[in-house]
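> no sequence for this one, just the structure:
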């Protein structure tokens with residue numbers, strides 16, 4: 001393939017991702033969007049920027065209800081959210097979110113896959129409490 005052909009394909013992929021949302025490649029985010037639709041919940045906004053001019057974004061946000069969902073990957077492999085600097089930056093971000101009135105729910109991809117995350121989200125949005133699992 002020529003350099004021009006490769007460049008054209010890359011531009012098309014980037015354009016498609018922008019049409020679908022900034023994190024269209026994140027399978028867990030896409031799964032939660034679909035699960036929200038199946039559960040009859042509002043469609044969350046992907047990569048919602050909640051505190052301009054800061055560049056902080058929530059992975060998903062139910063804006064009207066001020067419920068944010070953060071999907072933390074790499075928790076078993078020293079990913080960004082579990083290392084010192086990343087953890088400290090997350091603390092700052094979540095503190096500012098709380099000051100602005102947001103509820104932030106942190107989940108891991110396994111909880112999205114097994115359906116636990118969407119059940120928590122449904123409970124938070126509908127006000128129907130569910131028994132904590134042990």
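Arrived safely, thanks for sending. Fair warning: this is a prediction, and the values are worked out from it, not measured in the lab.
> So, low pLDDT: which residues of the protein?
Scanning the chain for pLDDT under 70 picks out the ranges 1-25, 74-83, 130-134.
> Relative to residue 128, how far out is the most centrally placed residue in it?
Residue closest to the average C-alpha location in the chain (Cα atoms, centre = their mean): residue 59, at 2.2 Å. Using Cβ to Cβ, to the nearest Å, residue 59 is found at 23 Å from residue 128. C-beta here means a position set from N, CA and C on the backbone, and glycine is covered the same way.
> residue contacts, residue 97?
By Cβ atoms under 8 Å, 6 or more residues apart in numbering, the contact set of residue 97 is 50, 51, 56, 58, 68, 104.
> what about residue 92, how many residues close to it?
Neighbour count for residue 92, taken as other Cβ atoms under 10 Å: 11.
> Tell me how far it lies from residue 98.
The gap separating residue 92 from residue 98 is 11 Å, by Cβ to Cβ.
> circling back: please, a ChimeraX command that selects the buried ones among the contacts of residue 97?
Per 16 or more other Cβ atoms under 10 Å, the buried members of the contacts of residue 97 correspond to this ChimeraX selection:
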select :50,56,58,68,104
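> Just put the contacts of residue 97 in JSON lines and tack on distance to residue 115 and secondary structure.
Shown next, in JSON lines, are the contacts of residue 97 (distance: Cβ to Cβ, whole Å; DSSP: H, G, I helix; E, B strand; the rest coil):
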{"residue": "50", "distance to residue 115": "26", "secondary structure": "coil"}
{"residue": "51", "distance to residue 115": "30", "secondary structure": "coil"}
{"residue": "56", "distance to residue 115": "28", "secondary structure": "coil"}
{"residue": "58", "distance to residue 115": "21", "secondary structure": "strand"}
{"residue": "68", "distance to residue 115": "20", "secondary structure": "strand"}
{"residue": "104", "distance to residue 115": "20", "secondary structure": "strand"}
